[in-house]
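> Need a 3D model of the sequence below.
(2 chains)
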2 protein chains.
Amino acid sequence: MAARRCFLAPCWRILAARRTSLTAFTPSSLSAVLNCQVTTKAFLHQNVTMPTHCGEQKKNFVLKTPKGTRDADPTQMAIREKVLSIVLNCFKRHGAGSIDTPVFELKETLIGKYGEDSKLIYDLKDQGGEQLSLRYDLTVPFARFLAMNKIGNLKRYQISKVYRRDNPSRGRYREFYQCDFDIAGHSDPLLPDAECLKIMYEILSELELGGFLIKVNDRRLLYGILTICGVPDAKFRTVCTSIDKLGKIPWDKVRSEMIEETDLRPETVDRVGEYIRLNGGLAILEYLWNDSMVSENTMAMEALNDLKLLHRYLEIYGVADKVSFDLGLARGLDYYTGVIYEAVLLESPEEPFSLQDGDTSKITKFGSIAAGGRYDDLVSKFDVNGRKVPCVGISIGIERILSIAQKKAQESFKSIRTTETQVLVASAQPNYLEERMKLITVLWDSGIKAEMLHKKNPKLLPQLHYCEKTGIPLVAIIGEQELKDGVVKLRDVATREEINIPREYLAKEIQKRTS
Amino acid sequence: MAARRCFLAPCWRILAARRTSLTAFTPSSLSAVLNCQVTTKAFLHQNVTMPTHCGEQKKNFVLKTPKGTRDADPTQMAIREKVLSIVLNCFKRHGAGSIDTPVFELKETLIGKYGEDSKLIYDLKDQGGEQLSLRYDLTVPFARFLAMNKIGNLKRYQISKVYRRDNPSRGRYREFYQCDFDIAGHSDPLLPDAECLKIMYEILSELELGGFLIKVNDRRLLYGILTICGVPDAKFRTVCTSIDKLGKIPWDKVRSEMIEETDLRPETVDRVGEYIRLNGGLAILEYLWNDSMVSENTMAMEALNDLKLLHRYLEIYGVADKVSFDLGLARGLDYYTGVIYEAVLLESPEEPFSLQDGDTSKITKFGSIAAGGRYDDLVSKFDVNGRKVPCVGISIGIERILSIAQKKAQESFKSIRTTETQVLVASAQPNYLEERMKLITVLWDSGIKAEMLHKKNPKLLPQLHYCEKTGIPLVAIIGEQELKDGVVKLRDVATREEINIPREYLAKEIQKRTS
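Predicted structure coming up:
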């Protein structure tokens, strides 16, 4: 896991946003959300933590959501819907169907899949029955689904919440979204891997996160290098845990930790250090390819071969400019077997940062925002015959982009519309409640999104004020004269223009004006 | 809770479907989903339960989802998306914004809100920290949200899963969707209540469930009648639990249970029985209004007054024909304070049932499919000053309609498309992998949903077969001649017609043909 820096409500799995050029295909860009035409101050949201009394129970209790979780109010939901639609559209553009799995799994389904992070899994209480745990990610349930249904080929997305008993004081949520896209099945080498990276690139571009970099490595290359340097197999996992910290703490500290925790000789660790601090473009692959030590390791050479092909494919897909091969990328999860990757932001919207001399180790402090890799052996762990289904996928976090989008909305002193209401049915005169109800029924039954105040005799001003407050663009006003003439007065809230429309054309006119 | 009858994967909270007339505003009706143009057999889905070995652990374990839960495969997800969009569109048509709350709450937030059903709440294991429980419904978290954020007015929807440790052998899922719409805030009487019933009516009509009936009662009327009949306050809850069974077991059994469990005199119980078996239209309200006993009970008369006004509003909204006042409707949940309602199906798609002499007690065996009511005191239980926020809402279950839609799809031997891919990028000749990749990049970047096979040199036939299998309507074919001419051969999969399109117009042409 990469380093993090907290602002707003930050989290390592989430994204930071900065305005950047949009790719040409953006159908509904994020700027459209943030600059959407609105009229009033953002929906008030404040978390109030206070002791209160529970009715008859007369018992003090704290009014809050559980530690590490939070509600989303209608404004936050409107932003979330827009951000998720960008992710969803991209997943659909790449031909994925979706699946759904339960929020909890049998505990044994999750055991032994997450390395030392397993301690963060939420267990359910034993209330008589099966031992259950909340899902920790969407990858293991996906593999369980493939094995259980004997599916050998599937391109699927899943956008759902996952649960980790992480430390909220370090800016990590305990309930957060993962947006996963995975390709399962046999294929010619690196083609699905390249498509996953293309998807990651498209989404990060379209979400307007500013500069980002996708760090790529291969587990086989990493293991090959550890072998070359004289690290015994049994110590790979511990060494990788230390390597994984390279983005967060400087090399000399990583070095000390490796020596202390693995009992390796300093010369061995230094040799490892020489390799894992390498990063850059195609040149790095060539450099390793020509390294006399590396070229003797079959596993490492296989990986280099694959990475070179991957680079070619990424060039064709037009995404190679954002990719850096990084020998220090290890990824914590146990299940990866080949190519692994992780996207990091090059600068924070709050604190611009310029990338100097290609040293990517500095930039990860702005947080990993998307990650993934190849896991060819996970499905077979669930299959009675050990049948292998090669898989590769990506997982995108969206919490940080949501926080930033929300902050932008607040700063702009504009509110995001939280409803899609097209028209308010109103009256300026008393005793027109039933007429309002009759008219709104016609509109609802014609598919128009319509509201009316739940008051018998509201004055016109509060009705107009309600439209301004909630961004409703039109008001359909009825009174004695309109009823006599068989018309409705349609008022444009912004321009205050009013025009009489025959009742039978009203729905059509509203649809025309608001579509 | 109402009685149930199990078929497919049934559940009391879920809906049954039968083709019926669509309301005029249906933009994308369910029949459009079920009869959508497709080409092949439904996506294979089978739950395989079998012992298997977990890799190195060499340990037998059962490969399954937890008891009472299930996965949804891409076909089921495509159906779910369509059904949920009908519900969502209706909620938006009525001007609601959405909120989200965590999947778990502090245990104390849920305590004392659900009556005897509280025993079905899932608790999380104590792993050091707060005591947490999975949400049991969306209403209590909504009330907690309102109190915590001091919100006095909100029209919101929430479509999320809830969790109940119910008995799956009785056809109940333990993880299932609730689609909730609630109106919080002070208003003139019965206006929000009438809108909730209008929404229930619209959704049940649009979901094509066949005949349905919305049973309406009022907690105050029920309590007033119990008072009149001589039932002491302290026994209301126990008596109501028995009354709630009236749909499932005959009156004489309910009668015996009431006598046994409450120690009431048989004459008292018989007097109660006379009232609670009443049901029908406006005449029932008039009958009670003129009852000398009822007219002396202020609470009952208030309720009757409200129900008469509600009936007037429902007439204007055009939904009164589906509403039956039913004195035997009690609803299990503790928090209701006024009008309560529950929708039941008049017939099962598998087993037609004709409603005779208005006896609604018979028909509930086909299951309650939506329910709700007024809960004016729930928010104040979470508020430090006991501040009151009157609320009314509905909750719609969708599991049963999903099962039925899926069954229809299977019976039709047509599959639902699980992806939205518009075009497959293909080649008939070898060595065109990179050209396919270049072309698909252009299409993706133009917003076209495109796929290609992840093979270096696929033959044309398997590429065409893939389109037929997955319902992709178009194939963009490139080869030597097309590249030379700067065109792409666009093939219509259904008609087999082929036409050369200049590369620069391809995206536009695909968009035109598939929109």
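> Relative to chain B, how far out is A:Q178?
For A:Q178, the distance to chain B equals 14 Å [Cβ to the nearest Cβ, to the nearest Å]. Where C-beta positions appear, they are placed from N, C-alpha and C, glycine not excepted.
> after the strand or helix carrying that residue comes which helix or strand?
Following DSSP states H and E, the helix or strand that holds A:Q178 is strand A:175-184. The element immediately downstream of strand A:175-184 (helix or strand, assigned by DSSP H and E) is helix A:191-206.
> Within the sheet, what are the partner strands of the very next helix or strand once past that following helix, with directions?
Counting by DSSP H and E, the next helix or strand C-terminal to helix A:191-206 is strand A:212-218. Using DSSP bridges, strand A:212-218 pairs in its sheet with strand A:323-326 (parallel), strand A:339-345 (antiparallel).
> which other residues reach strand A:212-218?
The list of residues contacting strand A:212-218 from outside it, by Cβ atoms under 8 Å, 6 or more residues apart in numbering or on different chains, reads A:197, A:200-201, A:204, A:279, A:303, A:306-307, A:310, A:319, A:322-330, A:338-346, A:355, A:360, A:363, A:369.
> now that strand: mean pLDDT?
Throughout strand A:212-218, pLDDT has a mean value of 96.
> distance between it and the chain's centre?
18 Å (Cα atoms, centre = their mean, to the nearest Å).
> Run the angle between it and helix A:191-206 for me.
160 degrees (axes from the mean of the first three to the mean of the last three Cα atoms, to 10 degrees).
> What's the local residue count around A:H454?
A:H454 has 21 neighbouring residues, counting by other Cβ atoms under 10 Å in any protein chain shown.
> and the gap between it and B:K150?
When distance is defined by Cβ to Cβ, to the nearest Å, A:H454 is 21 Å away from B:K150.
> got the buried residues for stretch A:117-125?
Going by neighbour count (16 or more other Cβ atoms under 10 Å in any protein chain shown), the buried part of stretch A:117-125 is A:D117, A:L120, A:I121, A:Y122, A:D123, A:L124, A:K125.
> need the contact list for A:V269.
Taking Cβ under 8 Å, 6+ apart as the definition of contact, the neighbours of A:V269 are A:R255, A:M258, A:I259.
> any idea what sits nearest it, other than its immediate chain neighbours?
A:M258 (4.9 Å; Cβ to Cβ, 6 or more residues apart in numbering or on different chains).
> which ones are touching that neighbour?
Here A:M258 is in contact with A:V239, A:S242, A:L264, A:V269, A:V272 (Cβ under 8 Å, 6+ apart).
> what helix or strand does the first one sit in?
Okay, so that is A:V239. Element membership for A:V239, per DSSP H and E: helix A:236-243.
> Let me know the angle separating that helix from strand A:212-218.
160 degrees.
> what's the distance between helix A:236-243 and the middle of its chain?
Taking Cα atoms, centre = their mean, one finds helix A:236-243 lying 27 Å from the centre of the chain it belongs to.
> Export only the CA atoms of it, formatted as PDB.
What follows is helix A:236-243, C-alpha atoms only, in PDB (Å, rounded to 0.1, in the frame of the first residue of the first chain):
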ATOM      1  CA  PHE A 236      10.200 -13.300   0.000                       C
ATOM      2  CA  ARG A 237       7.000 -12.300   1.800                       C
ATOM      3  CA  THR A 238       8.600 -10.400   4.700                       C
ATOM      4  CA  VAL A 239      11.000  -8.700   2.300                       C
ATOM      5  CA  CYS A 240       8.100  -7.600   0.000                       C
ATOM      6  CA  THR A 241       6.300  -6.200   3.000                       C
ATOM      7  CA  SER A 242       9.300  -3.900   3.600                       C
ATOM      8  CA  ILE A 243       9.700  -3.100  -0.100                       C
END
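> Identify each buried residue in it, please.
A:F236, A:T238, A:V239, A:C240, A:T241, A:S242, A:I243.
> What of stretch A:274-281?
Applying a neighbour-count criterion of 16+ other Cβ under 10 Å, the buried positions in stretch A:274-281 are A:Y275, A:I276, A:N279.
> Then stretch A:374-386?
Neighbour-count burial for stretch A:374-386, with 16+ other Cβ under 10 Å as criterion, is recorded at A:R374, A:Y375, A:D377, A:L378, A:V379, A:S380, A:K381, A:F382, A:D383.
> Angles on the backbone of the residue nearest to A:V269, please.
Torsion angles at A:M258 (phi, psi; degrees, to the nearest 10) stand at phi -60, psi -40.
> One more: A:L264?
The phi and psi torsions at A:L264 (degrees, to the nearest 10) take the values phi -80, psi 160.
> Ok, A:A303 next?
Reported as degrees, to the nearest 10, the phi and psi values for A:A303 are phi -60, psi -40.
> So which residues on the stretch 251-400 of chain A come close to chain B?
Contact residues (Cβ under 8 Å from any Cβ of the partner chain) of the stretch 251-400 of chain A with chain B: A:Y313, A:I316, A:Y317, A:G318, A:D377, A:S380, A:K381, A:F382, A:D383, A:V384, A:G386.
> Tell me the one of these nearest A:S515?
Nearest to A:S515 among these, counting by Cβ to Cβ, is A:G318 at 34.3 Å.
> now the closest one: how far from A:F176?
Distance, A:G318 to A:F176, by Cβ to Cβ: 30 Å.
> Looking at those two, which one has more neighbours?
Regarding A:G318 and A:F176, a neighbour count based on other Cβ under 10 Å identifies A:F176 as having more, with 21 against 16.
> So in terms of bridging, what pairs with the residue nearest to A:A343 when sequence neighbours are not counted?
In space, not counting the residues next to it along the chain, A:A343 is nearest to A:A370; the distance is 4.2 Å by Cβ to Cβ, 6+ apart. Here A:A370 sits in beta bridges with A:A343, A:I396, going by DSSP bridges.
> pLDDT at A:A370, what is it?
In this model, A:A370 carries a pLDDT of 94.
> again, but for the one 10 residues further on
As summarised for this prediction, A:S380 has a pLDDT of 96.
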